[in-house]
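Trainee: Quick one: sequence plus predicted model below, questions after.
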Amino acid sequence: MISNRFGKWNLVVISLLLLVAYFGIQTSGGSPELFRFFGRLHPAIVHFPIAIMVFALFLLALNKLRWLNISEGVINLTLVIGSWSGVKAIFAGLWLAQTGGYPAETLFLHKVMGFGATSLCAALVYLRTSEIPALKKPLFSGLCWGLMTIWLVVGGDLGGRMTHGEGFVTQYAPGFVVSVLGHPDPMKERFDLSMPGTTTVFDGIISPILVEKCSSCHGAERRNGKLRLDSAEGISTHEGDEPLIVPGKPEESLLTQRLSLPEGHEDQMPPALEAKPISHADVELIKWWVKEGASFETFISDANIPANILTILQAYGLGDIRTGVFALDLPTPDSAHVAALRMNGAVVDVLANGENLLSVSCKVVATCLTTDLDSLAQQVTWLDLRGSDVTDADLARLAAFPHLTRLNLSNTSITGSGLASISGSSFLEYINLYGTGVMDAAMVHIAPIKTLTAIYLWQTAVTPEGVALLKSSLPDAEIDTGEPKN
Ligand code: HEC
């Protein structure tokens, strides 16, 4: 029915057409509107070649099982129709891709699968009609049938993902189908939130949104509006009539304005008819980033994350953010020094399991403020010297302890002059000076410690003026003077 010559020329012509299509219709190029109109029909007409190719496989299988007895020529004719309708779908698909808005990688793979299945379909006709004995080997045609089927399934799945979104095809699929097609949990894979201490808000959260939703039109291939949103550089060097980003002011930034327009507005981004819409949560995240200063350097753990943003990020898998000393990667404390301190009567504890942070407390300074303690200066974060014989001179040592978060000096005889040693502290949150001789003069040493949240000054020589000085420098800290709160 279908001659050897026909099979050969069919393959040659289809291969040529595919070459023309591949090299002639670039995603970044432009074509007349009529072609784009035809392109929009791709999702409808693409099912025809898929069905025809699967139908051919079906006929072959029934023949092999001897449930049917139709001529091989019918199968060949079906494959010829399949290959030509595949070509038609490919042209439409390429013109559709030109309207933009499709993720570049998925699009490329989808394209490869479509081209592959169509050329294999034409190759099958050739193999099946060929008179060359070597080509008649079942291995060749078996491979072609197998690959063609796989590419149809995977290519179709990719197409579905692009038009309807990740997971559309597999949403209701049984588990084994999901594992074959390998859809990861899109919520957990989307952002990079596993290392908030070393990942910037831009790299981990904002850039993935812009790449996914915007870079098909604002990337290397197309630069609509002369704008590139696929890199920090593209964003920071954009020159438009209006400022793209006004740090701290989402309402004045073109970037966020264009995302917040009413549905159907002609300036709306992404453009309503051409691309998938952006979610409300994504818009909130971009607005948050702009509001916090549109920094490319701020780490997620250092960012100010309001409750609504935290809710979104947690849904995407953000765990507890380790902050302060807990975010530090400290060496393990030397056990010999820990043992020596304990021998001398100091109480040394590990702050929490798995952390290299220590709490140390002692009553007799001579047994505790020793070179052993100095050797643990990186790890000591709580130091409790309450009721001890510590003097202002002893406190000079504390300058070498960069990670103190809690310091208890209550019921000692210090006057506070020694506190100068801790005024450069970057982590100190709590200081207890209750029942000491601390005076107003010492407040200048405490006032610069911006991390302080609790200061105990009950029964000291500090006057209301001293407290006022502290309050003006540390307005959010709780200062306890023993006065009833009002
Ligand atoms: C389907 C293609 C397409 C997609 C996807 C797309 N844009 Fe656009 N964008 C355009 C076109 C075309 C222009 C130029 C015409 C205009 O200004 O409306 C533009 C212009 C802009 C401008 C104005 C630039 C200037 O200085 O005038 C901004 C800002 C913008 N887009 C942001 C975005 C953001 C953010 C996204 C992703 C959430 C996005 N766009 C996704 C096509 C797209």
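Mentor: Great, that's in hand. Quick caveat, the model's predicted, so the values are computed rather than measured.
Trainee: Could you use CA atoms for every contact and neighbour count after this?
Mentor: Will do.
Trainee: which intervals of the stretch 351-486 of the chain have sub-threshold pLDDT?
Mentor: Across the stretch 351-486 of the chain, the ranges flagged by pLDDT under 70 are 353-354, 485-486.
Trainee: how about 80 then?
Mentor: Applying pLDDT under 80 to the stretch 351-486 of the chain picks out residues 352-355, 483-486.
Trainee: for this protein, where's the lowest mean pLDDT among helices and strands?
Mentor: helix 175-181 (a mean of 70; mean pLDDT, DSSP states H and E).
Trainee: Return the set of buried residues in that helix.
Mentor: Of all the residues in helix 175-181, those buried under the rule 16 or more other C-alpha atoms under 10 Å are V178.
Trainee: Hmm, I286 is touching L254, no?
Mentor: No - using C-alpha atoms under 8 Å as the test, I286 is too far from L254 to be in contact (11.9 Å).
Trainee: quick one: which of those two has more around it?
Mentor: A side-by-side neighbour count of I286 and L254, using other C-alpha atoms under 10 Å, places I286 first with 22 against 17.
Trainee: I'd like to know how far the more buried one sits from E239.
Mentor: 20 Å (C-alpha to C-alpha, to the nearest Å).
Trainee: correct me, but Y126 touches K8?
Mentor: Yes - contact criterion C-alpha under 8 Å: Y126 and K8 qualify, at 5.4 Å.
Trainee: and these two? which has more neighbours close in?
Mentor: When neighbours are counted by other C-alpha under 10 Å, Y126 comes out ahead of the other of Y126 and K8, with 27 against 17.
Trainee: How about the contacts made by the closest residue to the more buried one other than its chain neighbours?
Mentor: Nearest residue to Y126, sequence neighbours excluded (C-alpha to C-alpha, 6 or more residues apart in numbering): G7, at 4.4 Å. If you count contacts by C-alpha atoms under 8 Å, 6 or more residues apart in numbering, G7 has them with A122, V125, Y126, L127, T129, S130.
Trainee: repeat that with 7 Å
Mentor: The neighbourhood of G7, defined by C-alpha atoms under 7 Å, 6 or more residues apart in numbering, consists of V125, Y126, T129.
Trainee: Sort out for me which of those residues are in helices.
Mentor: Among those, DSSP state H puts V125, Y126, T129 in helices.
Trainee: got the residues of the chain near the ligand?
Mentor: Along the chain, the residues adjacent to the ligand under the rule C-alpha under 6 Å from any ligand atom are 100-101, 210, 213-214, 216-217, 224-225, 227, 240, 254-255, 258, 267, 269-271, 274-275.
Trainee: ok, now with 5 Å
Mentor: Applying C-alpha under 5 Å from any ligand atom, we find that the chain lies next to the ligand at 100-101, 213-214, 217, 224-225, 240, 255, 267, 269-270, 274-275.
Trainee: Any of those buried? List them.
Mentor: In terms of neighbour count (16+ other C-alpha under 10 Å), the buried residues within the residues of the chain next to the ligand are G100, G101, K213, C214, C217, L255, M269, P270, A275.
Trainee: How about the secondary structure of the last one?
Mentor: It stands for A275. Under DSSP: H, G, I helix; E, B strand; the rest coil, the three-state class of A275 is coil.
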